[in-house]
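Trainee: give me a model of this one.
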Amino acid sequence: MQYLFLIYEPTRTAEPTEAEIAAMWEAYGAFTQEAADRGVMRGGDALAPVSAATTIRVRGASTLITDGPFAETKETLGGYYVLDCRDLDEAIELAAKIPGARDGAIEIRPIMATPEPRASA
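Mentor: Below is the predicted model:
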């Protein structure tokens, strides 16, 4: 079953040092390589900072557009992985290895299978 791993990072009050950034990329690279080596890697990427986000809401006939996230929060979505795991136990094992779990949170969501569109006659 495929799972989406949402990586939530704590909102930082200070910019990380170059050494901290290098260590983070190294840790994520190691996790990504492990997932690839295990054959479960299906996708994943880091996301641009929340300051680059645009939020859309449709209310009746109006489309509301706001910059940034939908609400103030202590954590922001920083990236994701899509992994094809045997079961939730394997998904939990892998989530615990994602570097963001150390100071943030990893949300695991099963990806729902959607039915194929039927061809019209």
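Trainee: residue boundaries of the strands in the protein?
Mentor: For the chain, applying DSSP state E gives strands covering 2-10, 41-46, 54-59, 62-67, 75-84, 105-110.
Trainee: mind checking which of those is nearest Ile21?
Mentor: Judged by C-beta to C-beta, the one of the strands of the chain that comes nearest to Ile21 is strand 41-46, at 11.6 Å. In short, each C-beta sits where N, CA and C put it, glycine included.
Trainee: ok, residues contacting the closest one?
Mentor: Applying C-beta atoms under 8 Å, 6 or more residues apart in numbering, the set of residues contacting strand 41-46 from outside is 2, 5, 28, 32, 35, 78-84.
Trainee: OK, contacts around the nearest residue to Ala101 once chain neighbours are set aside?
Mentor: Closest residue to Ala101 apart from its sequence neighbours, by C-beta to C-beta, 6 or more residues apart in numbering: Ala95 at 6.3 Å. By C-beta under 8 Å, 6+ apart, the contact set of Ala95 is 5, 101, 106, 108.
Trainee: got a pLDDT number for the residue most central in space within the chain?
Mentor: Taking C-alpha atoms, centre = their mean, the centroid of the chain lies closest to Tyr80, which sits 2.2 Å from it. Tyr80 is assigned 96 on the pLDDT scale.
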